[in-house]
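Asker: Here is the input, now give the coordinates:
(2 chains)
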Amino acid sequence: MIQAVDLTKRYEDDLLALDHLNLNIPPGQIYALLGANGAGKTTTINLFFNFIEPTSGTAFINKIDCTKNPLDAKKYAAYVSENVMLYGNFTARQNLDFFTKLAGRKNLKKEDYHMVMREVGLPERAFEQRVKTFSKGMRQKLGIAIAILKQAPALLLDEPTSGLDPKAAADFIELLLKLKNEGKAILMSTHDIFRAKEIADRVGIMKEGVLIMEKTKEDLGYEDLEKLYLKYMEVS
Amino acid sequence: MIKDIIRKELLVNIFSYRFLIGLVVVIVMMGIVGYVLVEDYVFRNQTHISNVQQHTDQLKNFKVYSTVKTVVDIPPSPLSVFCRGAKDVPTSIEITSYQIPSVVDNQGTTDFIGGGGESNRPYNPLLRIFTPIDLAFVIGIILSLFAILLVFDSFSGEREQGTLRLMLSTSIGRIQVLLGKFIGALITIAIPLTIGFLEILLIWNFFPDISLSSDILIGTILIYFFSLVFLAGFLALGLLISLFTRESSTGLMYLLLAWVLVAIVIPEGIGYLAEYNFPKESTKDLLSTIDKQYSEAVKKVPQPHNMMIWGSMDYEGGEEILGINPEAIEPRVEYHKATYSLKLQRAEDRNRVMENYADRLDDWKNTRDALLRTSLYVMYKNIVTAISGTDIETYETTIQRVKRYRESLVEYLRPKVASAQWFTRVLEHPEMLMTKENEKKWDELKAKEGAEALYKIFTWDRIPPLNVSDMPLPDIEFPGITERLSSIMIDIAILFSTIIAFLLLACWRAAYYKVN
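Answerer: The predicted structure follows:
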């Protein structure tokens, strides 16, 4: 569902942000991409959404080339950023309405929006409240609500739990597991090693644009992911 | 999906403080300026009506043919509320045999209407900034600024805010987003504009003197349409600059700079620089040569030697004589026949000089206008002035028609010069003939009742007006809205092309805009 083939990105200032990345995430799997800041995690997600163009290689979503047919590819992918930013003067429902309509979902009723907001754990009072009063956790939940309503089979999340309090982060992870069980392919970049090990079916560690390690949940077994991460960070 | 972007833009804009403040400013400004200018129009129209009445009465009161003159009163345009137009355009044009009307005044001074003749030019260039406030100014300056404030952060703001990434993570195309933002902003700006125009319609309704003819309504709709097109130009420019900047604050700076250039620096700067190149040569020498040649030619025309006259008046080449001796009448008729041709020739010669000068001024004006067309504001103002009928071209066309009318008036008058009625009515009133018998009677009367008694005989009041019912009347057809529009097709074409160019550039830029 989410596939990168030799995906490479070199910026104008000659910085190699991503070097021949290959990954394949089938439906019903969570892939956690670990790495320090500047390792290329966000660049990877940007390439899938055609926010930037690859220097070489191809990103596919549902077997559609994300560079050649970005609009088609984006029909099958939803995006949740590190800091979900919405229109502050719009209510939660108005934001949901706007972004889901852009995603091509029409004819949704007020009740449909309320249902999803309940599902992601937003309190009832927040449904018709202006988003500018929302905490980061609430905005992240609304971000995932947009992704759910989009009904896309692929989900790409850029450090979605960073800055969330433990309870909010736990709720968020629970939601992701639910979506995984519904058959979504999920690519999540994160710094949270413990959560990655807890929920990911596969974990990749990136360093300076290169995927230096990739292990399945089974491969990891009882290995200490933190030690493994630190070891890879120190090497070379 | 573009519909959703439009709806979102509309909601975001309408519920912003900048919209509220802009709306209030526009409503207040359009209300005040509209009221003042409508009142001004009503006053000018009343003056026009009384002038027309006065000039119609004059037509019924000519005593001799040589002093016949007609006046074309140019009605003020009710649409002048939108654009006051060229300064000092005469409100009436006098038509006589002795001079041919011209856009350059016949005194040969350098006042070229709208061209910035010396008398119109403020010495201090800074004063030019404070051009008269009319609705074209409110829309062209204030609403254009409002348009800029609506879109300066369209892309850069959403990029900074982070909503652009979320928006573009959906299957909506960047060009759709751009067009959605453009249309959304256009609908937003149309709100204060529409309210402003409705205000004007309401104000017109308060004044019973103003009847909303179809021409006025069509003109108003056209001005509304072109105002919207002009503002669309600023919105497109705003979006384009927003796509070239990463930060909203930088975008705002660039846009304000562009606005100052388009709305103030280009119109005022080029206008001011052009004046250094203003064709200043005087027509006075040429005109006085013509006058001298005319005087010399007149001197050669034999005059009656034994002419005795009472109550003679000269009127710009015409002559009124109350009393004259019978022997002098025929030679005086011959004299007028000869000099009338010379007077017509002098009028032609003088007009040729004035037209030559007007042509040079036209060339100067065309060059200046071509340079000024680099400003959206100037193009807009040209269009509104033409639709309002307050432009120089409308006046020039009127002058051309008046000239044609003058030819028919001269044709009517030319045969009359062969009669004594050209300068006197004594033949119908023999008591005013200066014969020996009459002089004897007058001496007796003077002795009996005093010198004052003679004034009862020699008075124009006793003489009935000439019957000029067959005289051609100055029924001038003023240029209609279609004709006026045709003179500004180039401005309309440039305005549309500019907007399309801005939008195409913005589309190209949007495709490469970095969202992170």
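
Asker: Which helix or which strand is home to the closest residue to B:Met471 other than its chain neighbours?
Answerer: Closest residue in space to B:Met471, ignoring its immediate chain neighbours: B:Tyr412 at 5.5 Å, by C-beta to C-beta, 6 or more residues apart in numbering or on different chains. For glycine as for every other residue, the C-beta is placed from the backbone atoms N, C-alpha and C. Assignment of secondary structure by DSSP states H and E places B:Tyr412 within helix B:392-413.

Asker: same deal with B:Ile321?
Answerer: strand B:318-324.

Asker: Restrict that strand to CA atoms and write it as CSV.
Answerer: This file holds the C-alpha atoms of strand B:318-324, laid out as CSV (Å, rounded to 0.1, in the frame of the first residue of the first chain):
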residue,chain,number,x,y,z
GLY,B,318,-21.2,91.7,-35.1
GLU,B,319,-22.7,95.2,-35.1
GLU,B,320,-25.9,96.7,-33.9
ILE,B,321,-26.9,100.2,-35.2
LEU,B,322,-30.1,101.9,-33.9
GLY,B,323,-30.1,104.9,-36.1
ILE,B,324,-28.4,105.5,-39.5
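
Asker: number of nearby residues for A:Ala196?
Answerer: 25 (other C-beta atoms under 10 Å in any protein chain shown).

Asker: next one: B:Glu431
Answerer: 13.

Asker: Kindly report the same for the one 10 residues further on.
Answerer: Under the neighbour criterion other C-beta under 10 Å, B:Lys441 is assigned a count of 12.

Asker: could you measure it against chain A, distance?
Answerer: Plainly put, B:Lys441 is 100 Å away from chain A if you go by C-beta to the nearest C-beta, to the nearest Å.

Asker: Need the pLDDT of that residue.
Answerer: Listed pLDDT for B:Lys441 reads 89.

Asker: So A:Leu18 versus chain B, what's the distance?
Answerer: Going from A:Leu18 to chain B by C-beta to the nearest C-beta gives 14 Å.

Asker: Just checking: what are the partner strands of the helix or strand hosting that residue?
Answerer: Per DSSP H and E: A:Leu18 is located in strand A:16-25. Strand pairing for strand A:16-25, determined by DSSP bridges: strand A:2-10 (antiparallel).

Asker: hmm, back to that, any idea which helix or strand comes after the strand holding B:Ile321?
Answerer: helix B:326-372.

Asker: same question for the strand holding A:Leu18, mean pLDDT?
Answerer: In the prediction, strand A:16-25 has an average pLDDT of 90.

Asker: With just CA atoms, put that strand into PDB.
Answerer: Taking Å, rounded to 0.1, in the frame of the first residue of the first chain, the C-alpha atoms of strand A:16-25 are listed here in PDB:
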ATOM      1  CA  LEU A  16      21.400  14.500   0.600                       C
ATOM      2  CA  ALA A  17      18.200  14.300   2.700                       C
ATOM      3  CA  LEU A  18      17.200  10.800   1.600                       C
ATOM      4  CA  ASP A  19      19.400   8.100   0.000                       C
ATOM      5  CA  HIS A  20      17.800   5.300  -1.900                       C
ATOM      6  CA  LEU A  21      15.100   4.500   0.600                       C
ATOM      7  CA  ASN A  22      13.200   1.200   0.000                       C
ATOM      8  CA  LEU A  23      10.200   0.300   2.100                       C
ATOM      9  CA  ASN A  24       6.900  -1.500   1.600                       C
ATOM     10  CA  ILE A  25       4.000  -1.300   4.100                       C
END
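
Asker: now the angle from the next helix or strand after that strand to strand A:16-25?
Answerer: Using DSSP H and E, the next helix or strand after strand A:16-25 towards the C-terminus is strand A:30-35. Counting by axes from the mean of the first three to the mean of the last three C-alpha atoms, to 10 degrees, strand A:30-35 lies at 160 degrees to strand A:16-25.

Asker: helices and strands around strand A:30-35, which ones?
Answerer: helix A:41-48, helix A:166-181, strand A:185-190, helix A:193-199, strand A:202-207 (3 or more C-beta pairs under 8 Å, 6 or more residues apart in numbering or on different chains; DSSP states H and E).

Asker: wait, which of these is closest to chain B?
Answerer: helix A:41-48 (6.2 Å; C-beta to the nearest C-beta).

Asker: So the closest one, near chain B or not?
Answerer: Yes - using C-beta under 8 Å from any C-beta of the partner chain, helix A:41-48 reaches chain B at A:42, A:46.

Asker: can you list the residues of chain A near chain B?
Answerer: A:42, A:46, A:49, A:51-52, A:71-72, A:74-75, A:77-79, A:81, A:83-87, A:89-90, A:94, A:98-99, A:101-104, A:143, A:146, A:150.

Asker: let's see it at 7 Å
Answerer: Residues of chain A found near chain B (C-beta under 7 Å from any C-beta of the partner chain) are A:46, A:49, A:51, A:71, A:74-75, A:79, A:81, A:83, A:85-87, A:89, A:98-99, A:101-104.

Asker: I'd like to know which of these are buried.
Answerer: A:46, A:49, A:51, A:74-75, A:79, A:81, A:85-87, A:98-99, A:101-103 (16 or more other C-beta atoms under 10 Å in any protein chain shown).

Asker: residues touching B:Gln303, list them.
Answerer: Residues in contact with B:Gln303 (C-beta atoms under 7 Å, 6 or more residues apart in numbering or on different chains) are B:Tyr335.

Asker: wait, doesn't B:Val353 sit right on B:Asp285?
Answerer: No - counting by C-beta atoms under 7 Å, B:Val353 does not reach B:Asp285; the two are 9.6 Å apart.

Asker: Next, the contact list for the closest residue to chain A within the stretch 151-300 of chain B, please.
Answerer: Minimum separation of the stretch 151-300 of chain B from chain A (C-beta to the nearest C-beta) falls at B:Gly162, amounting to 3.0 Å. B:Gly162 makes contact with A:81, A:83, A:85, according to C-beta under 7 Å, 6+ apart.

Asker: mind checking pLDDT for the first one?
Answerer: Read that as A:Ser81. So A:Ser81 comes in at 86 (pLDDT).

Asker: got the residue ranges for the strands in chain B?
Answerer: In chain B, the segments counted as strands under DSSP state E are B:70-73, B:92-95, B:309-315, B:318-324.

Asker: CSV for these, including distance to B:Phe146 and mean pLDDT?
Answerer: Listed next are those as CSV, based on distance: least, C-beta to C-beta, whole Å; pLDDT from 0 to 100:
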stretch, distance to B:Phe146, mean pLDDT
strand B:70-73, 39, 90
strand B:92-95, 40, 88
strand B:309-315, 56, 76
strand B:318-324, 58, 89
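
Asker: Which among the ones you listed is found nearest to B:Val64?
Answerer: strand B:318-324 (5.3 Å; C-beta to C-beta).

Asker: who does the closest one touch, helix- and strand-wise?
Answerer: strand B:309-315 (3 or more C-beta pairs under 7 Å, 6 or more residues apart in numbering or on different chains; DSSP states H and E).

Asker: Distance check, the residue of the stretch 151-300 of chain B closest to chain A against B:Leu252.
Answerer: 19 Å (C-beta to C-beta, to the nearest Å).

Asker: which ones are touching the residue nearest to B:Phe226 when sequence neighbours are not counted?
Answerer: Distance criterion C-beta to C-beta, 6+ apart; nearest residue to B:Phe226, sequence neighbours excluded, is B:Ile383 at 5.0 Å. Applying C-beta under 7 Å, 6+ apart to B:Ile383 gives the contacts B:226, B:488, B:491-492.

Asker: which residues in the stretch 151-300 of chain B form helices?
Answerer: Using DSSP state H, counting those that start in this stretch, the helices assigned to the stretch 151-300 of chain B run over residues B:156-161, B:163-168, B:174-206, B:214-244, B:248-260, B:271-276, B:284-299.
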